[in-house]
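*Asks:* This is a predicted model, with the sequence first.
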Amino acid sequence: MARILIVEDEAALSDLVRSHLEKEGHAVEQAFDGRQALAAADRARPDLVILDWMLPGLDGLEVCQELRRKHLMPILMLTARGEVADRVTGLQVGADDYLGKPFSIVELAARVASLLRRVALDSAAASSDSTQPLAFGPLVLDPAGHRATLAGSALDLSKREMDLLELLLQHPGRTFSREFLLERLWGSDFDGLDRAVDTQMVRLRRKLGDVGGCIETVWGIGYRFRPELAQT
Ligand code: CA
């Protein structure tokens, strides 16, 4: 069972999705515009958000961007626009998956299940198995020893660079906002600038050399690790 927030202004469609997901045993909450969605996300801390692109007031992209500043839950975007450029924009602002309208409810439920599985695997990897080395192409992280190697050579990383790399590699594909990273790496009492995170990231990428591009900038939000880009 997961807590799912549906953000969709068409009430009939929202109700249909809700009843289907509830039959699958999920707890579902509905928001009908962007402001409601942001408030509901802060209050209810859903495990997953289904977010329509076309909303009154704040549109889905703005909501996605706002959600990403604070939250790590997967976001599945719904869109009637099928343009590739739109999909790219959505993924760049931190959506995890896409479904074009009209969609079949079975397809939606399958995407939801797949995203929830990913999160479950994610947190399992981060908690129980966090001592196992993780290998992505030439890049290998040994969380137990707090060290990383690139093509067999130890990387000379500062504590913060190491913490940053561990966090990203232990959550492949997840988008971390600058605010989140700042708080996580420097602590909430640090009155610093988001730029501190960027500076750290520049150094880390430089040390990763050819595979530095596997840490992708998510426009307007922060960063995410793309394991497939480390395989080269
Ligand atoms: Ca809509």
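*Replies:* Alright, I've got the coordinates. Because the structure is a prediction, the values reported are computed rather than measured. Residues are numbered from 1 along each chain as shown.
*Asks:* Quick one: residues contacting Ala151.
*Replies:* Pro138 (Cβ atoms under 8 Å, 6 or more residues apart in numbering). For glycine as for every other residue, the C-beta is placed from the backbone atoms N, C-alpha and C.
*Asks:* those strands in the protein, which residues are they?
*Replies:* 3-7, 27-31, 48-52, 75-79, 97-100, 134-136, 139-142, 147-150, 153-154, 175-177, 215-218, 222-225 (DSSP state E).
*Asks:* residues near the residue nearest to Leu204 when sequence neighbours are not counted, how many?
*Replies:* Nearest residue to Leu204, sequence neighbours excluded (Cβ to Cβ, 6 or more residues apart in numbering): Glu161, at 4.7 Å. A count of nearby residues for Glu161, using other Cβ atoms under 10 Å, gives 20.
*Asks:* Was I right to think Glu161 contacts Lys207?
*Replies:* Yes: using Cβ atoms under 8 Å, Glu161 is in contact with Lys207, at 7.0 Å.
*Asks:* what residues are shared contacts of the two?
*Replies:* When contacts are counted by Cβ under 8 Å, 6+ apart, the set common to Glu161 and Lys207 is empty.
*Asks:* what residues are up against Asp163?
*Replies:* If you count contacts by Cβ under 8 Å, 6+ apart, then Asp163 has Arg184, Leu185 around it.
*Asks:* Would you mind measuring from it to Val197?
*Replies:* Separation of Asp163 from Val197 (Cβ to Cβ, to the nearest Å) stands at 12 Å.
*Asks:* Find residues that contact each of the two.
*Replies:* Joint contacts of Asp163 and Val197 (Cβ under 8 Å, 6+ apart) are Leu185.
*Asks:* returning to that earlier point: for the residue nearest to Leu204, what are its contacts?
*Replies:* Glu161 touches Gln200, Arg203, Leu204, Lys207, counting by Cβ under 8 Å, 6+ apart.
*Asks:* From Ala144, how far out is the last one?
*Replies:* Okay, so that is Lys207. 21 Å.
*Asks:* between the contacts of Glu161, which has the most around it?
*Replies:* Leu204 (21 neighbours).
*Asks:* Can you give me the pLDDT of that residue?
*Replies:* On pLDDT, Leu204 comes in at 95.
*Asks:* With Ser130 instead?
*Replies:* Model confidence at Ser130 (pLDDT) stands at 63.
*Asks:* And the one 5 residues further on, by the same measure?
*Replies:* Note on Ala135: pLDDT of 89.
*Asks:* Write down the beta-bridge partners of it, one by one.
*Replies:* Val140 (DSSP bridges).
*Asks:* Relative to Asp210, how far out is it?
*Replies:* Distance from Ala135 to Asp210, by Cβ to Cβ: 16 Å.
*Asks:* Check Leu181 too.
*Replies:* 23 Å.
*Asks:* Tell me which of these two has more neighbours.
*Replies:* Legend: neighbour count by other Cβ under 10 Å for Leu181 and Asp210, higher for Leu181 (23 against 13).
*Asks:* Around the ion, which positions in the protein sit nearby?
*Replies:* Asp9, Asp52, Met54 (Cβ under 5 Å from the ion).
*Asks:* quick one, what contacts the last one?
*Replies:* When the contact criterion is Cβ under 8 Å, 6+ apart, the partners of Met54 are Asp9, Gly60, Thr79, Ala80.
*Asks:* Now with 7 Å, please.
*Replies:* Gly60, Ala80 (Cβ atoms under 7 Å, 6 or more residues apart in numbering).
*Asks:* Per the annotation, how does this protein divide into domains?
*Replies:* Domains of the chain are assigned by automatic domain parsing as 3-127, 134-231.
*Asks:* Rounded mean pLDDT for stretch 140-152, please.
*Replies:* pLDDT averaged over stretch 140-152 gives 90.
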